[in-house]
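Q: Sequence below, structure please.
(2 chains)
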2 protein chains.
Amino acid sequence: MYEGLLKRYKDYLPITDKTPMIGLAEGNTPLIPLPNLSKELGVTLYGKYEGLNPTGSFKDRGMVMAVAKAKEEGAEAVICASTGNTSAAAAAYATRAGMKAYVVIPDGKVALGKLAQAVMYGADIIAIQGNFDEALDAVRELAKTEAVALVNSVNPYRLEGQKTAAFEICEQLDGKAPDVLAIPVGNAGNISAYWKGFKEWDGHFGVGLPRMHGFEAEGAAAIVQGAPIKNPETIATAIRIGNPASWELAEAARDESRGYIHSVTDDEIVNAYKKVAAQDGVFIEPGSAASLAGVIQHVKSGAIKQGETVVCVFTGNGLKDPDTAMSVHEVPISHVEGVDAMREYLRGGVTK
Amino acid sequence: MYEGLLKRYKDYLPITDKTPMIGLAEGNTPLIPLPNLSKELGVTLYGKYEGLNPTGSFKDRGMVMAVAKAKEEGAEAVICASTGNTSAAAAAYATRAGMKAYVVIPDGKVALGKLAQAVMYGADIIAIQGNFDEALDAVRELAKTEAVALVNSVNPYRLEGQKTAAFEICEQLDGKAPDVLAIPVGNAGNISAYWKGFKEWDGHFGVGLPRMHGFEAEGAAAIVQGAPIKNPETIATAIRIGNPASWELAEAARDESRGYIHSVTDDEIVNAYKKVAAQDGVFIEPGSAASLAGVIQHVKSGAIKQGETVVCVFTGNGLKDPDTAMSVHEVPISHVEGVDAMREYLRGGVTK
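A: Have a look, this model is predicted:
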């Protein structure tokens, strides 16, 4: 029975005899072929659907590792400054490890619905005066003196857990890395973790290496522009980050793999977000769509060549953000009365 | 690479040379050990987490089969009367099969947010005058004369696909059926499908048979009360059904397996819903929690014995219904100012 990443990839993770083998069967996410988009774009396209992790995003991979190490090292609680996927994952794994989770948010600035998961998983929510950066500074400070482990992305074990997605992709493609790995870039930790994972798996099994094509949202494209962005803006909230924590690692991944970090506009993101659901039946978070938006752009520019095998990382589940789904669509409701009217309607819509 | 149920269980499903092997890597959902609840209840408890299917519920299992057969048999579109999980699954698989999906709803009576997934997957929404039963009557009528296949639960292929969850559980438990399978009962199709699946797998591989313990919501407990319920009411909308379509099959599953169909109150459901998230880190739909609520009840009554192996079917993802999550919780926000105040707060909360 598949029980999760720590057991599955024990030999490739920083696990000791004392690491608690917690897990929610995270990882083992499907690599879904996207036949209709493949045909349209002229490449062999897959989606690595990380939205099917237990809390609905790729964060579970890093968090299971970070929380297990926190427990091993004697922490009694975990703490993070987060309003989204990180807080959900931290709370769920803290519960599994028998630890308290503290989620720190800027007072009055967070829609409570965003916290539904963390609250369900039993997290303790602390609202502080100030903005998100100040919340992060506060938790860093507290982690130094208290028996609480900081599990924000500065925690080095997060990337260790996240690299396992690259292992899985190579296994799913029958022991061969794809030509291109397309991935959203926000805090830039995930592109760094995937690259680490591909290099390690290639070292062990000679699977080859992909080119890493990372995509920031245009309004939050610090790496592309070469400078931090004070007030990042994009519909893709999961990658709305103006000063990526793993900036240098991401640039190294790009350069070592002869890849790119480019930006995509919100229009391109929304287009990709709608397209992959409507054409290939996969409902993803808006931020996840940056990868597909980038692939469409790179197929046009020639940075991705016809016939290549391309894996898009879809970092989160579309169910995380139903409001955006409704806001980008006119809901196409047709009002009809009675069976005869419906029959007419269908005959207009169904080719006979 | 795992590609989905039709390929995985081809030999055990009504698949011919002409069946299109569509798939979204549905199935292969984790059987998550629930260690904290196990300890509290004195049983070995697992959750079969069907919320990790591609559209977020167990409906994907039946729908992939139903849509594939519709395509094989020449339908040009699929149609269903649904406002929830069924419409999402129908729309996603229709897209994969290159077919149109029509979702029929009662005009003015459905919150549009419930349709976010179906809309994203490109379904055509038809609103008709009348209530839900009249919508269902209309689609049945239309399916007789038009080239559209009805994929509501009356479609017999749905149960064929759904039975695969029982196969997976036996495989995940190393070739042995659990002692008890606890499952929510709404339309009663799923309990019927699981029982069929267990019997077939036992016939092939001698895995044994579980006792089937089904649980209706008290306000919608038609089978328990022995009569249809005109206006069913429960917080668990996914099982708010007053006249189950698979009534007789469900009673047969109960009787043949020497099991039970009992009811649980909304309070018991909410308690279980909160408990499994807060204690074991699994966030499920309220309707899914009927299974755990029933297990808690049956451990008390002795219908489940200490030490037994019990699998709870968690039919849907908690992310499907964030509103209920927020409505059952006081959001426990503590407002503090500055690092020193936070330190004090943590020291009160963390045992040193």
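Q: what's the residue nearest to A:Ala217 when sequence neighbours are not counted in contact with, if anything?
A: Spatial nearest neighbour of A:Ala217, excluding adjacent residues (C-beta to C-beta, 6 or more residues apart in numbering or on different chains): A:Thr234 at 3.5 Å. For glycine as for every other residue, the C-beta is placed from the backbone atoms N, C-alpha and C. A:Thr234 makes contact with A:217-220, A:240, A:266, A:269, according to C-beta atoms under 8 Å, 6 or more residues apart in numbering or on different chains.
Q: least confident pick among these?
A: Across the set of the contacts of A:Thr234, A:Arg240 stands lowest in pLDDT, at 92.
Q: I'd like to know how far that residue sits from chain B.
A: Separation of A:Arg240 from chain B (C-beta to the nearest C-beta, to the nearest Å) stands at 20 Å.
Q: One more: A:Cys312?
A: 15 Å.
Q: partners of the helix or strand that residue falls within in the sheet?
A: Following DSSP states H and E, the helix or strand that holds A:Cys312 is strand A:309-314. Paired neighbours of strand A:309-314 in the sheet (DSSP bridges): strand A:44-49 (parallel), strand A:180-184 (parallel).
Q: Please work out which of those is packed deepest.
A: Mean neighbour count (mean count of other C-beta atoms under 10 Å in any protein chain shown) peaks for strand A:180-184 among these, with a mean of 30.
Q: distance of A:Gly74 from B:Tyr93?
A: 49 Å (C-beta to C-beta, to the nearest Å).
Q: can you check A:Gln306 too?
A: On the measure of C-beta to C-beta, A:Gln306 and B:Tyr93 end up 29 Å apart.
Q: Which one's more surrounded, those two?
A: More neighbours surround B:Tyr93 than the other of A:Gln306 and B:Tyr93, with 32 against 9 (other C-beta atoms under 10 Å in any protein chain shown).
Q: what about the nearest residue to that one once chain neighbours are set aside, neighbour count?
A: In space, and not counting its chain neighbours, B:Tyr93 is closest to B:Val67: 4.0 Å by C-beta to C-beta, 6+ apart. Here the count is done by other C-beta under 10 Å, and B:Val67 has 30 residues near it.
Q: Ok, A:Asp267 next?
A: 11.
Q: what helix or strand is it on?
A: Here A:Asp267 is assigned to helix A:266-280, by DSSP H and E.
Q: What are the boundaries of the strands in the stretch 51-200 of chain A?
A: Using DSSP state E, counting those that start in this stretch, the strands found in the stretch 51-200 of chain A span residues A:77-81, A:100-106, A:124-128, A:148-150, A:180-184.
Q: ranking the ones you listed by burial, who's on top?
A: By mean count of other C-beta under 10 Å, the strands of the stretch 51-200 of chain A have strand A:180-184 as the most buried, with a mean of 30.
Q: From the centroid of chain A, which residue is nearest?
A: Chain A has A:Thr315 as the residue nearest its centroid, 2.7 Å off, counting by C-alpha atoms, centre = their mean.
Q: I am assuming it contacts A:Phe58, so please confirm or correct that.
A: Yes - look at A:Thr315 against A:Phe58 with C-beta atoms under 8 Å: they come within range, at 4.8 Å.
Q: Please enumerate the shared neighbours of the two.
A: Here A:Thr315 and A:Phe58 share the contacting residues A:50, A:190, scored by C-beta under 8 Å, 6+ apart.
Q: From what I see, A:Lys18 and A:Glu73 are in contact.
A: No - in this structure A:Lys18 lies outside contact range of A:Glu73 using C-beta under 8 Å: 9.1 Å.
Q: so where's chain A uncertain?
A: A:349-352 (pLDDT under 70).
Q: domain ranges for it?
A: A:5-57+A:159-328, A:58-150 (the TED database).
Q: now the first one, how far from the chain's geometric center?
A: In this view, domain A:5-57+A:159-328 has its centroid 7 Å away from the chain centroid, taken as C-alpha atoms, centre = their mean, to the nearest Å.
Q: neighbouring contacts of the longest helix seen in chain A?
A: The helix that spans the most residues within chain A, counting by DSSP state H, is helix A:189-205. With C-beta under 8 Å, 6+ apart as the test, helix A:189-205 has contacts from A:12, A:58, A:62, A:153, A:158-167, A:170, A:175, A:177, A:181, A:183-185, A:207-210, A:212, A:214, A:244-246, A:249-250, A:252-254, A:256-257, A:261, A:313, A:315.
Q: Could you tell me the angle between that helix and strand A:309-314?
A: 140 degrees (axes from the mean of the first three to the mean of the last three C-alpha atoms, to 10 degrees).
Q: Return the alpha-carbon coordinates of helix A:189-205 using CSV.
A: Provided in CSV are the C-alpha atoms of helix A:189-205 (Å, rounded to 0.1, in the frame of the first residue of the first chain):
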residue,chain,number,x,y,z
GLY,A,189,11.5,27.1,-4.6
ASN,A,190,9.6,24.6,-6.7
ILE,A,191,11.7,25.1,-9.9
SER,A,192,14.8,24.8,-7.7
ALA,A,193,13.5,21.6,-6.1
TYR,A,194,12.5,19.9,-9.4
TRP,A,195,16.0,20.7,-10.9
LYS,A,196,17.6,19.2,-7.8
GLY,A,197,15.4,16.1,-8.1
PHE,A,198,16.1,15.6,-11.8
LYS,A,199,19.8,15.9,-11.3
GLU,A,200,19.8,13.4,-8.4
TRP,A,201,17.6,10.9,-10.4
ASP,A,202,19.8,11.2,-13.4
GLY,A,203,22.8,10.6,-11.2
HIS,A,204,21.3,7.4,-9.9
PHE,A,205,19.5,6.0,-13.0
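Q: dump the residue contacts of A:Pro184.
A: So, once contact is read as C-beta under 8 Å, 6+ apart, A:Pro184 ends up touching A:190, A:214-216, A:236, A:238-239, A:287-291, A:313, A:315.
Q: Name the residues of stretch A:238-245 that are buried.
A: Buried residues in stretch A:238-245, counted by 16 or more other C-beta atoms under 10 Å in any protein chain shown: A:238-242, A:244-245.
Q: closest to chain B among those residues?
A: Checking the buried residues of stretch A:238-245 against chain B by C-beta to the nearest C-beta gives A:Ala238 as the nearest, at 14.5 Å.
Q: Tell me which other helices or strands the helix or strand just after the strand holding A:Cys312 touches.
A: Where DSSP H and E defines the elements, the next helix or strand beyond strand A:309-314 is helix A:322-327. Using 3 or more C-beta pairs under 8 Å, 6 or more residues apart in numbering or on different chains; DSSP states H and E, the elements in contact with helix A:322-327 are helix B:116-120.
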